[in-house]
Each structure stands twice: as structure tokens, then as C-alpha cells.
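Participant: fold the following and give me the result.
(chains A and B)
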Amino acid sequence: MTTAPARNIRTRFAPSPTGFLHIGGARTALFSWAFARRHGGTFVLRIEDTDQERSTRESEAAVLDGLQWLELDWDEGPFRQSERGDLYRAAVEKLLATGRAYRCICTKEELEERKQRTIEAGQKWTYDGKCRNANHGPSAGTSTVRLRLDEATPLTWNDLVFGPSGQATEEVGDRIIQRSDGSPLYHLAVVVDDIEMRITHVIRGVDHQVNTAFQLALYHALGATPPEFAHVPLIVGTDGKKLSKRRDPVSVQHYRDAGYLPAATRNWLLRLGWSHGDQEIFSRHEIVQLFDLESISRSPAQADLGKLPWLSQQYLKALPMPELFQALQPFYRRSLGRELPRTHDLEKILDLLRDRSHTLAEMVEMSLFVVHDNISFEPKAAQKYFTREIEAPFAALRDRYAALESWDIASLEREFEVVLAENAGEGKAAKLGKGKLAQPIRVAITGTDKSPGIFETLELLGQERSLHRMAEALHFIRHGS
RNA sequence: GCUCCCAUCGUCUAGCGGUCUAGGACGUGGCCCUCUCAAGGCCGAAACACGGGUUCGAUUCCCGUUGGGAGCGCCA
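Facilitator: Numbering: from 1, shown residues only, chains lettered A, B, ... in the order given. The predicted model follows:
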């Protein structure tokens, strides 16, 4: 057993609701969740919606929905930054009062112009400090508020993934923390919230790595102890470039709709950038037991689409029938317009299909021949197997099956062997092989040339339906349609 | 351009100075099983980006090159 943590671990996931739950975000959430659970800590959900232009309630719902689907439960929240304005204003007042921040009356246009000139002169731009010592009061007119950086505060930290990290103060610059309309900017809001929510470990994407130095300055200015930081490399596309919405399937929703199990998707995401020796399969419980920050990779991972179907099948094979059936219903509704009652026959075919499917959608598709009363023969398969030569043995087997009193695997196979034996030798060039007869029957009863074992399939389809389909196939053989 | 970061099979990764003729998994090729498709079993191909150091000894440590990523907003 591992020892208990010295303090109560608190992590958070802080998405901005400007779209669907991205797999990169989902993985960050997974890591934060797993780390909190691993240490018996608390996982907080916070919605960063200070950008009112882009944030929507629909996106927020989609993000929450995605987290729930992945079974990442949170202990506190969702909190919305849009509802916490007083907190941020108070923090700004405090910073202003202590001289750690100052009002800046430079307009966007002025700033843009000076920045342009600096860059043209071949120098790098951070705020030039025009208002830094001007001492503008509240009556100075429209103004933003900037944090006053001081050289004495080292902007370094020991990243739990990347090790010693930091940036020089002059590279960071006095950035704006409050807009001219009084609303808070990202940096201010995160830091104030992380302090107020007593977050101990900030686990986020490397795109925030360069924000950390400035935020460290904010913690110091606010008189707070910064949390630990762990930056997680990005997930990139199959071309090694940043994930693109056009090329890559980036939303968690996409994987759900494709018919992947949440557990499989979660496992897939987990192994993208995290490892535990050679282990590939991790149950939710194992994740909670084994997850650690030290084993997170420092290089970006490509979304390995090849591994997901395999993982998904592993989970499909292991899923208890009641849960499998439940998971399948949305796909039946999509395919048939209705859900299906749990029947013995359906369960049986589903069990046979587990070894043959990678997604719930595939499974539904393949089980349809049992669900439908009438099927149609796949043209290519019919053309290949419904031949003149097979007519006689096919008809003979149909007759024997019609006379069968006990419709079970043993009987079906016995009669099948009899027909085979009857067609062996004599004037025939070669004796009738098992496959020669099995394939036409398979096409007859399933419509395709791929299915589970032929006798099992016949058995569960039942005598009546099997005979009916065989009769139709015989008609096809004789009349070509 | 500047700042920060990364670099093992096609992909996800193990490796934390000698155990490496570099391990696992997916994918891929072959074989076995076999009524089809799978599943399963066995076997194979496949990588330490390059160049310098440090060291008795580098995949492992340092520097550079190359390649890639992130960020440079009154976005988050």
C-alpha cells in the first residue's frame, strides 16, 4: 500500500466552453481526475467563460456530457467564472492598493502602433511601461489594469513533468489583468480561482507552459503560495502536426457516435502519453490505483487511431451482457428507429459477434439478419455462391432440414454431413467440400458470406426462418433472382 | 523573428551508464486452427535523428546541428 499524502490533493479541470470536448482536453481531464482519485483528493470542475463572445451554454453542456460519458466524475462544481466577478474585482483592488498593479490608459491602437514600431526595429515586444510609474487614479478615464512585475521575484518552478522550468522577468512583461470594461482576463481569473479553490496541483496542456511564469508573478503579488504545476504534452494529428478539426476526429462525441465504449476510449486516451511498464489495458479502478505524474511522456503523442479498435474489441469481449445490451440500444434506435427487447436469441448472436466487432455500431449492423424478418442477398455473394452446381445438394439439405424434428447444432451438423457424404465420389470430379456447401447456406440465411459458425447461426435463427430463407435462396439459384 | 519545450520500430511506448545481439502493444507479413469472417496460437520484418564531447563504457549525461511542437492578445 502507498502512504497517505501529506496534504489533501486538489486538482481541477478548467475548460472554456467554446466547442465540444476535445480529446486533448479530455485527456487532461482524465489525468487530473486520476491524480486526484489516486491520492484520495478532490477533483474540481470549473468553466472558464470569461470570454463572453465565444462561450455558450450549449458548449458547456457538451463538455459536461463528454466528461460524464468518460465516467470522469467531479467532486465540486461546475463553477463558472462568469459568476465570480466580485472575487476578481476584489483581487484587482487589492493589487492596486498594494502597488503590485497599476492602471494603464494606453489604448489598443496606441499599443498596436508602438508594438509594430518595436518589431520593425528588430526588437522584441513586451509592454514598454509607459503607464508603469504614471500613477493614474480611478479618475484617469478608461483604463486597463496591469500587473507590475519586479525583478526580485524569480519566475521559476519545478514542473512535475518537465522538471526545472522558468522564464526571465523581462521576457514576460507587465500584462493586462483587467479589461477596460472591468472584466477579468484569463490570467487573473485562473490564479484567483486556483487560490480560492485551494488547488494544489495544476495539470494542464503544454500550451500553458509559457503562461506559468506570469501566473507565478500573480501568485506572489497576491501573497499566495503557488501550486505544483504539471504540463501535459499535446496530442497531435497523424501527420505529427497539431490536431485539426478538418482532418482529425477531435471531439469525444465523435468516438461515442462511432460506437466505441467509454472505457475503451478512456483507456486509449490514458495510454496516449502515459504508461505503466508494458501494461496496455487499464480498468477505471486500475487507473485510480496506478496513475502518476512521473510517467507522463514529455513528447507529444500522435492520436494512434490503429489501437483504438483493438482496445475497443477487448472491452466489447469482456462486457457483461446486461451492460452490452444497454450500450447497444442507442445504435439500434439509430439503425431501426426503435430499441430492442432483450431476447435469448439476440443475446446469443451478440455473444457470437463480440469476437467479430470493434464497435457497437458494427455489432448492431452484423446482428440485423437476426432482427429482420426478411433479408436481401448481397449481390456479389449471391452471384458467387448461388450456382447451378450447388442446386441439388442445397435442395437435399433443405429437405432434410425441413424434416428435422430437433433443431439443434448436433442434428444440423449430422444432416449436413449426410448430404456431403451423398455427394462424395461417383461421377463427381471432386467430392463436395464442407465450405462448398456451407457458404451458400450462409449467404441464404444471413445475406452475406461472413458470419459466426454456420450451425450455431442456423440454430439460433430457428427452423422456420432458416427454411424460409433457404427456399428463397433456392428460388434465386433456379431463376436468378 | 524572439521565448520556452521535445526527439527509441509506421504508431503508442519500456528503458532512468554496463542487464540492449534495445523489451511490450497496435498495425503489418507468414504459418497453424478452420464451413466464411473473426477470435486464438506460433514465427518474422521493423527504431535509439545526426555530429561532437564526458566516461573504462553511452539509447541513457553535456553541447551543437537538424527536425518538430507551443507561445508571443483588452482569447482561454
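Participant: any idea how far residue A:13 lies from RNA strand B?
Facilitator: According to C-beta to the nearest atom of the strand, to the nearest Å, residue A:13 stands 12 Å off from RNA strand B. For the C-beta atoms, the positions are set from N, CA and C on the backbone; glycine is no exception.
Participant: contact partners for the residue nearest the centre of chain A?
Facilitator: Nearest to the geometric centre of chain A sits residue A:252, at 3.8 Å (C-alpha atoms, centre = their mean). Contacts of residue A:252 were listed using C-beta atoms under 8 Å, 6 or more residues apart in numbering, and they are A:20, A:21, A:22, A:23, A:26, A:66, A:69, A:70, A:265.
Participant: neighbours of the residue lying closest to it once chain neighbours are set aside, just the number please.
Facilitator: For residue A:252, the nearest residue in space outside its immediate sequence neighbours is residue A:66; the separation is 4.0 Å by C-beta to C-beta, 6 or more residues apart in numbering. If you count neighbours by other C-beta atoms under 10 Å, residue A:66 ends up with 24.
Participant: now do the same contact list for residue A:66.
Facilitator: Neighbours of residue A:66 in contact, by C-beta under 8 Å, 6+ apart: A:20, A:21, A:26, A:251, A:252, A:253.
Participant: same question for the one helix or strand it maps to, mean pLDDT?
Facilitator: Secondary-structure element containing residue A:66, defined by DSSP states H and E: helix A:57-69. Taken as a whole, helix A:57-69 has a mean pLDDT of 94.
Participant: pLDDT at residue A:271, what is it?
Facilitator: As summarised for this prediction, residue A:271 has a pLDDT of 95.
Participant: how near is it to residue A:75?
Facilitator: Counting by C-beta to C-beta, to the nearest Å, the gap between residue A:271 and residue A:75 amounts to 25 Å.
Participant: got it, and residue A:334?
Facilitator: Computed with C-beta to C-beta, the distance linking residue A:334 and residue A:75 is 34 Å.
Participant: mind listing what the spatially closest residue to residue A:434 that is not a sequence neighbour touches?
Facilitator: For residue A:434, the nearest residue in space outside its immediate sequence neighbours is residue A:420; the separation is 6.7 Å by C-beta to C-beta, 6+ apart. Residue A:420 is in contact with A:393, A:431, A:432, A:434, A:437, counting by C-beta under 8 Å, 6+ apart.
Participant: and if you look at residue A:266?
Facilitator: By C-beta under 8 Å, 6+ apart, the residues touching residue A:266 are A:30, A:70, A:71, A:72, A:284, A:287.
Participant: which one (most neighbours) among the residues you listed?
Facilitator: residue A:30 (27 neighbours).
Participant: which residues does that residue contact?
Facilitator: Contact partners of residue A:30, counting by C-beta under 8 Å, 6+ apart, are A:70, A:72, A:266, A:269, A:270, A:287.
Participant: number of residues surrounding the residue lying closest to residue A:342 once chain neighbours are set aside?
Facilitator: Ranked by C-beta to C-beta, 6+ apart and with sequence neighbours excluded, the top spatial neighbour of residue A:342 is residue A:325, at 5.6 Å. A count of nearby residues for residue A:325, using other C-beta under 10 Å, gives 18.
Participant: please verify my assumption that residue A:325 contacts residue A:344.
Facilitator: No: no contact is recorded between residue A:325 and residue A:344 when judged using C-beta atoms under 8 Å, the distance being 12.0 Å.
Participant: distance of residue A:470 relative to residue A:439?
Facilitator: From residue A:470 over to residue A:439 (counting by C-beta to C-beta), the distance is 13 Å.
Participant: who has more neighbours, these two?
Facilitator: residue A:470 (22 against 19).
Participant: how close does the more buried one sit to RNA strand B?
Facilitator: The spacing between residue A:470 and RNA strand B, counted by C-beta to the nearest atom of the strand, is 15 Å.
Participant: my guess is that residue meets residue A:396, correct?
Facilitator: No: the pair residue A:470 / residue A:396 is not scored as a contact, 11.3 Å apart, by C-beta under 8 Å.
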